[in-house]
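Q: give me coordinates for this.
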Amino acid sequence: MDSDDQERERGITILAKAAAVTWRNTTINLVDTPGHADFGGEVERALALVDGVLLLVDAAEGPLPQTRYVLSKALAIDLPVVLVLNKVDRPDARPEEVLSEVEQLFLDLAHRDEHLAFPVVSAIARDGKCVKGVGVPGENSDLGPLLDAILDTIPAPGGDAGAPLQALVTNLDASDYLGRIAIGRVHQGTLRKGANVALLGGPKDGIDQGPQRCRVSYLAHFSGIERTETDAIAAGDLFILAGIESVEVGDTIADMENPVPLPRLEVDEPVLRMSFGVNSSPFAGREGTYVTSRHIAERLRKETLGNVSIRVRETDSPEIIEVAGRGELQLAVLIENMRREGYELQVSRPEVITRMIDDVKHEPWEDGTVDVPDEYVGAVTQALAPRKGRVNDLRPGDSGRTIVGFLAPSRGLIGFRSLLLTVTRGTALLHQSFAGFQPWAGEVPHRQGGAMIADRIGEVTAYALDNLQQRGTLFVQPGDDVYEGMVIGECARDEEMVVNAVRAKEKTNIRTHSHDDGVKLAAPKIHSLESAIEWIADDELVEVTPKSVRIRKRHLGLEDRRRAAKGQR
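A: Numbering: from 1, shown residues only. Next up is the predicted model:
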């Protein structure tokens, strides 16, 4: 069901999706939710659609932080659970141990005795096989035991099809032909195509808007992974409708004669914010289609319509917009989507959103788990220490690997993923989830080296880089275009260095062997969007275009940077 390009590239679920299957004359609606806490807004919306959950756990890896996050949300609203141990055919599968770990997780999170009784199904999802209990499915197995467990464990939806209409909108889509599309669930009554309904939205500027009269022009339900047009949808089923242009996530579609709203969706507040601005570099407008503040603002407003966990706020400058989200990954996915759609923009380093609780400054903290080879456990704990991370769990994992559990402030984990991959030579697996607000942990160090900054515009030459590569790590290669104030590398020392990266070799009549040696350059470090956002300091920006990711100083000119530094003192 993961159809988005970024979902396939990253191997994660970003957007919740729905499908429907029929088993024993019963329609089962399935909603695939993200597990990562950064996309928790999708999880909370998906849970508003369902009557129970399938908890999918890898039979080798066991429960991860995102497993705890999603399960905690489900148990908080008393949803019944069917546990599915997947990939039981792996050579390193340990289903009995994983089941014990999941049971411990339920003991930690359950607040009712009924939560501790759940059926277990072992599956090989890739082959479409499963078996009831802990075991390995046989050759002739199918998904019947799983579908039977769903029918036996998860109750049929409540609601009276003859009652006045109440339907909750949990997601939005768009179509060039139908306009804005609302997706949600009918809680009471029957939703009919062509009917006049009342739209009950949230208050605007603190003023209740009252019911708005609307007409349903298009109505469909899920059939497999497709959408099939229909004339009516009864209580308990999911709907897709069009014809209501002003609908937003959390709105109630109600009976015109008796409009009663459902509780609006409540989602966790954002913990990180960034500044999105118009690209003001000398190369602005070269590669992008949408480059103005109006284009960027409209795209961000469109994002907030369907993504309730994103917050957008105007700033004192009309060219800069503040965007807040659940985490670094969620904001990076948004920026990458805008980049692929043809937008040019520049973004700042993420910063945490703090709160004052009992007159004490608090900041967001995260629970994390690192799965790492045994020989790198020391490197992981050393990387966590300066970032105020506290190791709270250390246990053996798969053969030759160790599971390191820790608690750390969110700002300390900005850039931690790339550092972790570096110190473990790409062998570590990191999982994080939001752990709440705790008192401010103090100063957290950033990168070790200073910025190597170009002093003029031009094309990078191999001759110039040959001298510069001894001073640090380069981000550019011969032939790249640079401009004054663009960061072209990281110094070995903790100080900035302004350099000439476009200097050409002087032409002379002297011919010597040492003079004419070929230039040998080390491969440059090419930053991805995420690594660039992690690397920059507070006085730097990432320039994002459809074709390039560049790092630059907030003030391009040397004198401008000196004046800004004096002003901060």
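Q: can you give me the pLDDT of Lys240?
A: One correction, residue 240 is Ile, not Lys. Per-residue confidence (pLDDT) for Ile240: 90.
Q: and the contacts of the helix or strand hosting it?
A: Element membership for Ile240, per DSSP states H and E: strand 238-242. By CB atoms under 8 Å, 6 or more residues apart in numbering, the surrounding residues in contact with strand 238-242 are 18, 20, 29, 49, 167, 173, 175, 178-186, 191, 216-222, 227, 233, 253. Using the backbone N, CA and C atoms, a C-beta is placed for each residue, glycine as well.
Q: tell me the first helix or strand C-terminal of it.
A: strand 252-254.
Q: ranges for the strands of the stretch 1-150 of the chain?
A: 17-23, 26-32, 53-58, 81-86, 120-124, 129-132 (DSSP state E, counting those that start in this stretch).
Q: what's the angle from the strand holding Ile240 to strand 17-23?
A: 130 degrees (axes from the mean of the first three to the mean of the last three CA atoms, to 10 degrees).
Q: each with direction, which strands does strand 238-242 pair with?
A: strand 179-188 (antiparallel), strand 218-223 (antiparallel) (DSSP bridges).
Q: pick the most buried one from these.
A: Stretch with highest mean neighbour count among these: strand 179-188 (a mean of 21; mean count of other CB atoms under 10 Å).
Q: and that strand, what's its mean pLDDT?
A: Rounded mean pLDDT across strand 179-188 is 87.
Q: follow-up on the earlier one: the strands paired with strand 238-242: which one's closest to Pro524?
A: When the strands paired with strand 238-242 are compared by CB to CB, strand 179-188 sits nearest Pro524, at 44.8 Å.
Q: chain center to the closest one, what's the gap?
A: In terms of CA atoms, centre = their mean, to the nearest Å, the gap separating the centre of strand 179-188 from the centre of its chain is 24 Å.
Q: isn't Ala110 right up against Leu75?
A: Yes. Counting by CB atoms under 8 Å, Ala110 touches Leu75, with 5.9 Å between them.
Q: who has more neighbours, those two?
A: Remark: of Ala110 and Leu75, Leu75 carries more neighbours, 19 against 16, as counted by other CB atoms under 10 Å.
Q: list the contacts for that one?
A: 81, 106, 109-111, 115.
Q: among those residues, which one lies nearest to Pro386?
A: Out of those, the member with the shortest distance to Pro386 (by CB to CB) is Leu109, at 31.9 Å.
Q: just to revisit the earlier point, quick one, which of the strands paired with strand 238-242 is nearest to Thr292?
A: Nearest of those (CB to CB): strand 179-188, 23.8 Å.
Q: what angle do strand 26-32 and that closest one make with each other?
A: 130 degrees.
Q: quick one: strands adjacent to the helix or strand following strand 179-188?
A: The helix or strand immediately downstream of strand 179-188 is strand 190-192, counting by DSSP H and E. Looking at strand 190-192 with DSSP bridges, its partner strands are strand 232-234 (antiparallel).
Q: the strand it pairs with - what's its average pLDDT?
A: So the average pLDDT for strand 232-234 ends up being 92.
Q: in it, what's buried?
A: By 16 or more other CB atoms under 10 Å, the buried positions in strand 232-234 come out as 233-234.
Q: got the contact list for it?
A: Contacts for strand 232-234 (CB under 8 Å, 6+ apart): 159, 161, 186, 190-193, 219, 221, 239.
Q: can you go through those residues and name the buried ones?
A: Here, 16+ other CB under 10 Å leaves 159, 186, 190-193, 219, 221, 239 buried among those.
Q: which pLDDT value goes with the spatially most central residue of the chain?
A: In the chain, the centroid-proximal residue (CA atoms, centre = their mean) is Gln330; its distance is 2.8 Å. pLDDT recorded at Gln330 is 82.
Q: from the contact counts, what lies against the one helix or strand it maps to?
A: Counting by DSSP H and E, the element that carries Gln330 is helix 328-340. Helices and strands touching helix 328-340, by 3 or more CB pairs under 8 Å, 6 or more residues apart in numbering; DSSP states H and E, are helix 5-10, strand 272-277, helix 293-306, strand 320-325, strand 345-347, helix 529-535, strand 540-544.
Q: may I see the ones you listed organised as CSV, with mean pLDDT, mean neighbour count and distance to Thr153 added?
A: Shown next, in CSV, are those (pLDDT from 0 to 100; neighbours: other CB atoms under 10 Å; distance: least, CB to CB, whole Å):
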stretch, mean pLDDT, mean neighbour count, distance to Thr153
helix 5-10, 58, 13, 28
strand 272-277, 92, 21, 37
helix 293-306, 86, 16, 31
strand 320-325, 92, 20, 34
strand 345-347, 95, 24, 45
helix 529-535, 87, 21, 39
strand 540-544, 95, 23, 46
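Q: next up, the contacts around Ser122.
A: Counted by CB under 8 Å, 6+ apart, Ser122 has contacts 59, 84-85, 88, 95, 130-137.
Q: same thing but at 6 Å, please
A: 85, 88, 131, 134-135 (CB atoms under 6 Å, 6 or more residues apart in numbering).
Q: which of those ranks first by neighbour count?
A: Busiest of the contacts of Ser122 [other CB under 10 Å] is Leu85, holding 27 neighbours.
Q: may I have the beta-bridge partners of that one?
A: The partner list for Leu85 in beta bridges (DSSP bridges) reads Val57, Ser122.
Q: coming back round to it: report the two of the contacts of strand 232-234 separated the most.
A: Spatial extent of the contacts of strand 232-234 (CB to CB) is set by the pair Gly159 and Lys193 at 19.1 Å.
Q: hang on, the earlier thing: and the contacts of Leu75, which two are furthest apart?
A: Maximum distance among the contacts of Leu75 (CB to CB): 13.5 Å, for Val81 and His111.
Q: what's the pLDDT at the residue lying closest to Val197 once chain neighbours are set aside?
A: Once flanking residues are discounted, Val197 sits nearest to Ile253: 5.1 Å by CB to CB, 6 or more residues apart in numbering. Here, the pLDDT recorded for Ile253 equals 92.
Q: and Asp92, how close does it get to Asp58?
A: Here the distance between Asp92 and Asp58 works out to 10 Å (CB to CB, to the nearest Å).
Q: neighbour count winner among these two?
A: Between Asp92 and Asp58, Asp58 has the larger neighbour count (other CB under 10 Å), namely 16 against 12.
Q: what's around the spatially closest residue to Phe283 that is not a sequence neighbour, how many residues?
A: Excluding its sequence neighbours, the residue lying closest to Phe283 (CB to CB, 6+ apart) is Tyr483, at 6.4 Å. Burial of Tyr483 is recorded as 17 neighbouring residues (other CB under 10 Å).
Q: I'd like the distance between Tyr483 and Gly159.
A: 61 Å.
Q: same check, this time on Val136
A: 40 Å.
Q: go on, Asn196?
A: Counting by CB to CB, the gap from Asn196 to Gly159 is 21 Å.
Q: got any ranges where the stretch 51-200 of the chain has weak pLDDT?
A: Within the stretch 51-200 of the chain, the stretches with pLDDT under 70 are 65.
Q: and Ser399, that one's in a strand?
A: No. Read with DSSP: H, G, I helix; E, B strand; the rest coil, Ser399 is coil and lies in no strand.
Q: roughly how far does the nearest residue to it once chain neighbours are set aside sit from Glu103?
A: The shortest distance from Ser399 to any non-neighbouring residue, by CB to CB, 6+ apart, is to Asp92 (6.8 Å). According to CB to CB, Asp92 and Glu103 sit 21 Å apart.
Q: all good on my end, thank you.
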